[in-house]
Structure formats: C-alpha cells, structure tokens
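Student: I'd like to go over a predicted model; first the sequence, then the structure.
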Amino acid sequence: MKETALAHVHRALGAKMVPFAGYEMPVSYEGVNAEHQTVREGVGVFDVSHMGEFLIEGPKALDLIQYVTSNDASKLEVGKAQYSCLPNETGGIVDDLIVYRVKEATYLLVVNASNIAKDWDHIAKYNERFGAQMRNLSDAYSLLAIQGPKASEAMQTLTSVDLQAIPFYSFVVGDFAGIPYVIISATGYTGSGGFEIYCKNEEVEQVWNKVFEAGAPYGIKPIGLAARDTLRLEMGYCLYGNDIDDNTSPLEAGLGWITKLGKDFVNRDGLALQKEAGVARKLVGFELQERGIPRQGYPIADVAGQVLGEVTSGTMSPSLNQGIGLGYVPVGAAAPGSTIYIQIRKNLVPATVVKPPFYKG
C-alpha cells in the first residue's frame, strides 16, 4: 500500500485511514457531515496526492492528446484546463481526466489514481504513432485541493498571484506558501469553488502547514475522501469506477459535451454511430421521495418491480438532508420528473428523476 507524503500528518491529526486506489488515504477526521459543511460554507483542504500526473511534451504532444482524448484540446490556450475522457476502442471509457496546457507544446494530464498504469499504457500504445515525449510524474508530485467559498480570501496572503482573478478551469504557475513555482488551478471536485495546488512531494508539508496557518482565521479544516464523495455527488459529477467505466459510453453518461465528434479520436466513428442511432440508456440523477439511503448496487425498478438498472452512486445528501443518487435507466424512464423506484432491502422506495446538480448553492 502506497502513502502520500502527508500520511504521517493525517495520522497525527487523528484521521481514519483506509485503503483507496492502492494508497492509504484519510477517509474522515471529525465526520463526513461536519467536513462536508465546512467546504460548503467555509474552506477545507483535501490531500489528493494519489492522483496521477503525466507530462506530454514536444511538437507531437497536441496530436497525441487530440487522438486519445474526446474533447478538443486544440482549443486550449496556455493557462487553461479542460475536462475530458479517454475513450476505449469498444465504446467505453478508459478514464476521465483534466488536461492542462502548461506551455506552447507542454501539457499536463491529471488522471485517477486507480487508473495510472492503465492510462499510461493506453496513451503510450497510441504514442508509438505520434512520438511525443511522455513522463509519468505521479510519484514525484503532490496535490492539495483547497475548496470552499472562502478559499481565495483565506489563501491570498500566501501568494503574489491575484487568486480571485483566476477564472474557473484556468491556472497560474506562481509562488505559493514560500515555494516559488507551483500550479495554482481554479478547479475542484466539490462545486463550492477553490483551488488545486500541484507541488513536489518534498514541498507539500511546508505548503500544508502554511495553508493551515493562513486559513486558521477562516476555520479551515482537513477534509477526508468521504466528504469529497458526498460533495461531488451533490453536484452530479461522475466518479470513475462507479458512474463511468470501460463499459459505459460517454454519450450514455451525459458526457456528450466533452465528446467532440468533429475531430478524429479513438473510437470516434463508433460514438458517432451511437449518437446517430440514439443511446438505449442514460445516466440520471434521482431524489428519493421518502426517507432512505440509496447505496451503490441497489436495483432501480419500475412500479411493477421490474429491474431497470442499478444505483451507481448514492448517499444521504448532507446539504439537502435527502437521499440522492445516480444510475443508468432505459431512455424511456430517463425524463426529468419521471418516477422510478429504488429497492432498499425489500422495499421499493419511489424516487424522482432530476437533472443534476442536486445542490444549487
């Protein structure tokens, strides 16, 4: 089991540590609901250094990225980031990721921890055709997500960069917490604003300590992976391995907006045919009409109890105090306002199909 460079800090803070994506990670400190509300109302910090980072460079870097990702990376200017996915050859998704354009011919790809080796092999396979320079920086870099509506105000004393001037899905390479060069990215997985800070492993403890000093007047707290999951689910953000995987099409998953069929990429023709024919099932959000907690794997049924699909992600929303979830259902049952039923133990609990986000902020 790997550890992040801050594992000893999390243990000293009393974090509950659990295995996650091959790492020992903090799942909670004081409890998921309290940590969730800290991010929704103030500012909290996640250690997400388990994520993977690939540097793709050289004159063929863009050509490679254009071919292996579904979104149009040619639209990226230096200092901009883009959500995308790696389609596989059979209609599914290898991973979802963020692409950063760091310099004219230098891109940073940030991938999910559980998929680092799989993604590297997939991209490297296609790079035999392009010949871009690839470097796997995953074991050398750390990533802190400083999230919440007070993040920019709380962190401003740590940098000469005007944090409020960084647009969403943009980034600056600048000084932060006494380190001369880090990536300060206006991205996150919570829906409450904030930043993600990329730095070297040997720098991250200094950054962590200074972040907590600067954030103390704002009630800053460490946040675990359990609250990260409830926060992202309230926004309807997909989690790889739950809501999307090697067998789910980006079109089924509602990711048509990052699937640019006007360019050539892996399985572009297959996805174009699927779009033309129409998908048979869709990923939908739902809210329970009664008390209950929908869990991953629970059946989704119609009124007669006929199984339509299953819950891919579900929780009791801390912000809404209501059971919410995501799952695939046939297109005929996918319209917002439709009633579906979640089988919780022996009960069929009615739920309303809704268009995420669940949390409107």
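Tutor: Structure's in. What do you need?
Student: Burial check on the residue lying closest to G361 once chain neighbours are set aside, number of neighbours?
Tutor: Nearest residue to G361, sequence neighbours excluded (Cβ to Cβ, 6 or more residues apart in numbering): G191, at 6.7 Å. Placement of C-beta: from N, CA and C, glycine included. G191 sits with 23 neighbouring residues when counted by other Cβ atoms under 10 Å.
Student: On the three-state scheme, G191 is what?
Tutor: Assigned state for G191: coil (three-state reduction, DSSP: H, G, I helix; E, B strand; the rest coil).
Student: Check the gap between it and Y359 for me.
Tutor: Relative to Y359, G191 is positioned 6 Å away (criterion: Cβ to Cβ, to the nearest Å).
Student: joint contacts of those two?
Tutor: Taking Cβ atoms under 8 Å, 6 or more residues apart in numbering as the contact criterion, the residues that touch both G191 and Y359 are E234, M235.
Student: quick one: buried residues of whichever strand or helix holds M316?
Tutor: M316 belongs to strand 307-317 when assigned by DSSP states H and E. By 16 or more other Cβ atoms under 10 Å, the buried positions in strand 307-317 come out as L308, G309, E310, V311, T312, S313, G314, T315, M316, S317.
Student: Go ahead and confirm the fourth one touches I342.
Tutor: Yes: between V311 and I342 there is a contact at 6.5 Å, judged by Cβ atoms under 8 Å.
Student: neighbours around A277, how many?
Tutor: A277 sits with 8 neighbouring residues when counted by other Cβ under 10 Å.
Student: for it, phi and psi?
Tutor: Dihedral pair for A277: phi -80, psi -30, per degrees, to the nearest 10.
Student: Partner strands of the strand holding M316, with direction?
Tutor: Taking DSSP bridges as the criterion, strand 307-317 forms sheet pairs with strand 299-301 (antiparallel), strand 322-330 (antiparallel).
Student: Quick one: residues contacting the closest residue to T69 other than its chain neighbours.
Tutor: Sequence neighbours aside, S84 is the residue nearest to T69 in space, at 4.3 Å (criterion: Cβ to Cβ, 6+ apart). S84 makes contact with T69, S70, N71, A73, D96, L97, I98, V99, I258 under the criterion Cβ under 8 Å, 6+ apart.
Student: In space, not sequence, find me the middle residue of this protein.
Tutor: If you average the C-alpha coordinates of the chain and look for the closest C-alpha using Cα atoms, centre = their mean, you land on Y189, 5.1 Å from that point.
Student: what is in contact with V311 and I342 at once?
Tutor: Common neighbours of V311 and I342 are listed as P294, Y298, P299, I300, G325 (criterion: Cβ under 8 Å, 6+ apart).
Student: Tell me the one of those residues nearest A145?
Tutor: G325 (23.4 Å; Cβ to Cβ).
Student: quick one: the closest one and G314 touch, right?
Tutor: Yes: under the criterion of Cβ under 8 Å, G325 makes contact with G314 at 3.2 Å.
Student: residues shared between the contacts of these two?
Tutor: The overlap between the contact sets of G325 and G314 (Cβ under 8 Å, 6+ apart) consists of L233, P294, I342.
Student: Looks like the last one contacts A351 (just checking).
Tutor: Yes: taking contacts as Cβ under 8 Å, I342 lies within contact range of A351: 5.3 Å.
Student: Could you name every residue contacting both of the two?
Tutor: Shared between the contact lists of I342 and A351 (criterion: Cβ under 8 Å, 6+ apart) are residues F286, L288, P294, G323, G325.
Student: Regarding Y181, what is its secondary structure?
Tutor: Quick answer, by three-state DSSP: Y181 is strand.
Student: which residue sits closest to A73, ignoring its sequence neighbours?
Tutor: Among residues not flanking A73 along the chain, I65 sits closest, at 4.7 Å (Cβ to Cβ, 6+ apart).
Student: Could you tell me how many residues sit around the nearest residue to the residue nearest to the centre of the chain once chain neighbours are set aside?
Tutor: Spatially, and ignoring its direct neighbours in sequence, Y189 is nearest to R232 (4.9 Å; Cβ to Cβ, 6+ apart). For R232, the number of neighbouring residues by other Cβ under 10 Å comes to 18.
Student: repeat for K2
Tutor: For K2, the number of neighbouring residues by other Cβ under 10 Å comes to 14.
Student: Tell me, how many residues neighbour Q164?
Tutor: Using other Cβ under 10 Å, Q164 has 11 other residues around it.
Student: Look at the residue nearest to it when sequence neighbours are not counted and give its secondary structure.
Tutor: Distances taken as Cβ to Cβ, 6+ apart place S152 nearest to Q164, at 4.9 Å, with adjacent residues excluded. Assigned by three-state DSSP, the conformation of S152 is helix.
Student: ok, now which ones touch S152?
Tutor: With contact set as Cβ under 8 Å, 6+ apart, S152 has these partners: L163, Q164, G193, G194, F195.
Student: of the residues you listed, buried ones?
Tutor: L163, G193, G194, F195.
Student: what about stretch 86-94, start to end distance?
Tutor: With Cα to Cα, to the nearest Å as the measure, the first residue of stretch 86-94 is 5 Å from its last.
Student: Report the buried residues of stretch 205-225.
Tutor: Buried residues in stretch 205-225, counted by 16+ other Cβ under 10 Å: V207, W208, K210, V211, A214, G215, I220, K221, P222, I223, G224, L225.
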